[in-house]
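1. next input, structure requested:
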Amino acid sequence: MLDFKTMRGEGLAKLQNLKKHQQRLVLLRTCSFLIMIFAFAAGWDGHIWGIFLGILMLAAFIALVRRHQRLGLSLLLTESQLACLQACLDRISGKWRAFPDDGQDLRQKDRPQEADLPILGPASLYQYLTSARTKAGRRRLSQLLSPYPEAADSIRQRQQAVKELSAQPKTMLQLEALGHLLPAKADFAEFCTMMEHTAIQPKKVLRLLSFVLPVISFLTLGLALAGRLDLTIPGLLFSLQLLLTFLLLRRSQALLAPLMALPQEFAIYEKLFTSFTNVDWQSPLLQNFHHELRSDQAAENLKKLAALADKIVMRRNIFFFLAANTAVLFDLHCTARMFRWQAQSGEKLRRWLSVWAELEALLSLANAALTRKTVCWPEFLEGTPQLQGKDITPLLIEEEKAVPNDAHFTAGTCIITGSNMSGKTTYMRTLATSAILAYAGAPVCAKSFSLTPMRVFTSIHVSDDLSKGISTFYAEILRIRQMVEASKEGTPLFLCIDEIFKGTNSADRITGAAEAIKRLTTPHTITLVTTHDFELCDLKSPNDLPIVNCHFEEYYQDDKIHFDFKLKPDRCHTTNAKYLLNMAGILS
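-> Numbers count the residues shown, from 1 in each chain. The predicted structure follows:
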């Protein structure tokens, strides 16, 4: 694991030096400007040295302004790098729960697993992992954290990319820092659509006028100054150019206004793609991205677009707008460059930005490898359902506080009993979330982890729906029915059921649970069921598949209850409800 504290200290020292350098540049820039003013004033009074000194100071002033701009970008990037390092420290310390982006808005109503498992929302996998800034990147990360796995080959390819990124932490942090310069939840879909399907078409006559009119206007002006023409003629021609600008203003605005808001964003994308393509990647997925961006010259083309956007931004200054369009038909030249860029790269832009969205998701998934000491890269098995792991811990609990457990499950059912607060639900959720991390291509917090790709179904946090007249018990029935229907399809399933049918009386619960467990014990299903009903521990398998028992238990020391949170074989023989009721003052 990287020494993030040392790296952050070095970053803070660098930031202080940059700020001191910035202060010196501001002082030099101010002094050069003042000297320039006095030098030109001296030149106006007839001192020839003043003109030369003024020109020299003007050149120095321009150079210092540019240097100051470059330094400003370095400052922003250093601050962003410090923010990324702090985020890593917060993931280690547990402060990540305060991260502003928890992905709550990305939840899907048709996925109850997202309510049962900490996938999206407060204190979730998404909140821990995410370093995505763009809307597309956030959406892609939420799609990868799915309970429904893709084909094993696709997962392996993504895993290789995440593994390679995590093996180059400095490059990874540099890309994250550049990405964090983009606005939060930035969305470029509308601009991409405009680049692909604009309703405005270029006109050759306007392109011709943008060159011919200014040339004629300046020629007539030269002739007028030489006394060969009346000044009225160039005046009329320049006025005609301004009039033409206003006549075409709506057209120009429709083309240029969307780009006026994005000069910094495309400049950042250019730096992102330059930084990414400067690395010789080895994994197939990253190589594909590298080849695509290089062959399309994405960085170079985005640099041109950013430069055009910088020029277009100057239109906001009314004095510049009037002067530039009166002199050279500035808007027509900008729209012509816009049309040219659109013809060359407009249809590629969405694909380039989607590459970065995919990279944002991969960088986010790699964060677990940077912030945990014990991680492994899951192995994907074939054949009948299996889930094997050693010393598995939940990602969302601080590493030193998490209690590791093993897992050895094949097709069949495991009934997990245990006292309240002993760790039954946490264990089941740890296995389910570890599977989802594995499907995404991320590392898992374990010494080893292997599984067959299985669709994950859950019934853990089931609640009623008064608007639809659905009780908690009936809502749980619907969840179990969904599992039964899915099991009929024959695809591998991993089912997690917590306190099965807890919403009804004990007699009906035991009868219903026994029947449900028998139906869910199939050759392509691993089923985990937690319960307090010991009667279910005596269930017999309806086929040759095992129905086994495991348990968690508590122990008492100095009249206090303690838990070791370790999974043990066979059924539980202890309860702690009376103790907890007594501790709460309800029983005496």
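2. any idea how far residue 315 lies from residue 148?
-> Per Cβ to Cβ, to the nearest Å, residue 315 is found 49 Å from residue 148. The way it works is simple: take the backbone N, C-alpha and C, and place the C-beta from them, glycine included.
3. who's more crowded, the two?
-> residue 315 (19 against 14; other Cβ atoms under 10 Å).
4. how far away is the more buried one from residue 248?
-> Distance from residue 315 to residue 248, counting by Cβ to Cβ: 13 Å.
5. any common contacting residues for these two?
-> Counting by Cβ atoms under 8 Å, 6 or more residues apart in numbering, the residues touching both residue 315 and residue 248 are residue 331.
6. what about the residue lying closest to residue 568 once chain neighbours are set aside, how many neighbours?
-> Leaving aside its chain neighbours, residue 568 sits nearest to residue 551 (5.6 Å; criterion: Cβ to Cβ, 6 or more residues apart in numbering). Residue 551: 21 surrounding residues under other Cβ under 10 Å.
7. which other residues reach the strand or helix carrying residue 551?
-> Assigned by DSSP states H and E, residue 551 falls within strand 547-552. Under the criterion Cβ under 8 Å, 6+ apart, residues 412-419, 422-424, 427, 517, 521, 537, 539-541, 563, 565-572 lie in contact with strand 547-552.
8. parallel or antiparallel, which strands does the helix or strand following that strand pair with?
-> Using DSSP H and E, the next helix or strand after strand 547-552 towards the C-terminus is strand 554-557. Taking DSSP bridges as the criterion, strand 554-557 sits next to strand 560-563 (antiparallel) in its sheet.
9. in the strand it pairs with, what counts as buried?
-> The neighbour-count check on strand 560-563 (16 or more other Cβ atoms under 10 Å) flags 561, 563 as buried.
10. do stretch 414-424 as well
-> Per 16+ other Cβ under 10 Å, stretch 414-424 contains these buried residues: 414-419, 422-424.
11. just stretch 435-454 next, same as before
-> Buried residues in stretch 435-454, counted by 16+ other Cβ under 10 Å: 435-446, 449-454.
12. and which of the buried residues of stretch 414-424 is nearest residue 493?
-> If you rank the buried residues of stretch 414-424 by distance to residue 493 using Cβ to Cβ, residue 414 comes first, at 13.9 Å.
13. does that closest one belong to a helix, a strand or coil?
-> The three-state assignment at residue 414 reads strand, by DSSP: H, G, I helix; E, B strand; the rest coil.
14. residues in contact with it?
-> Contact analysis of residue 414 by Cβ under 8 Å, 6+ apart lists 526-529, 547-550.
15. regarding the residue nearest the centre of the chain, what is its secondary structure?
-> For the chain, residue 132 is the residue whose C-alpha lies nearest the centre (Cα atoms, centre = their mean; 1.9 Å). With three-state DSSP as the basis, residue 132 sits in coil.
16. that one against residue 144, yeah?
-> No: in this structure, residue 132 is not within contact of residue 144 by Cβ atoms under 8 Å, at 10.7 Å.
17. now do the shared contacts for the two.
-> Contact criterion Cβ under 8 Å, 6+ apart; residues shared by residue 132 and residue 144: residue 361.
18. domain-wise, how is the protein divided?
-> Annotated domains of the chain cover 1-93, 189-261+297-347, 379-583 [automatic domain parsing].
19. right, and these - which one's nearest residue 276?
-> Nearest to residue 276 among the domains of the chain is domain 189-261+297-347; the distance by Cβ to Cβ comes to 8.7 Å.
20. just give me how far that closest one sits from the chain centre.
-> 37 Å (Cα atoms, centre = their mean, to the nearest Å).
21. just the terminal-to-terminal distance for it.
-> 12 Å (Cα to Cα, to the nearest Å).
22. can you give me the strands for the protein?
-> Ranges of strands in the chain, per DSSP state E, are 379-380, 386-392, 405-410, 412-418, 448-451, 455-459, 493-497, 525-530, 547-552, 554-557, 560-563, 568-569.
23. right, and these - which one's nearest residue 4?
-> The nearest among the strands of the chain, by Cβ to Cβ, is strand 386-392 at 23.9 Å.
24. list the buried ones in that closest one?
-> For strand 386-392, by 16+ other Cβ under 10 Å, it's 386-389, 391-392.
25. using JSON lines, lay out those together with pLDDT.
-> Listed next are the buried residues of strand 386-392 as JSON lines, based on pLDDT from 0 to 100:
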{"residue": "386", "pLDDT": "95"}
{"residue": "387", "pLDDT": "97"}
{"residue": "388", "pLDDT": "97"}
{"residue": "389", "pLDDT": "97"}
{"residue": "391", "pLDDT": "96"}
{"residue": "392", "pLDDT": "97"}
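26. any chance of these in JSON lines, plus distance to residue 103?
-> Listed next are those as JSON lines, based on distance: Cβ to Cβ, whole Å:
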{"residue": "386", "distance to residue 103": "30"}
{"residue": "387", "distance to residue 103": "26"}
{"residue": "388", "distance to residue 103": "30"}
{"residue": "389", "distance to residue 103": "26"}
{"residue": "391", "distance to residue 103": "28"}
{"residue": "392", "distance to residue 103": "23"}
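27. now the two most distant members of those.
-> 386 and 391 (17.7 Å).
28. coming back round to it: the strand holding residue 551 - what's its average pLDDT?
-> Mean pLDDT, strand 547-552: 92.
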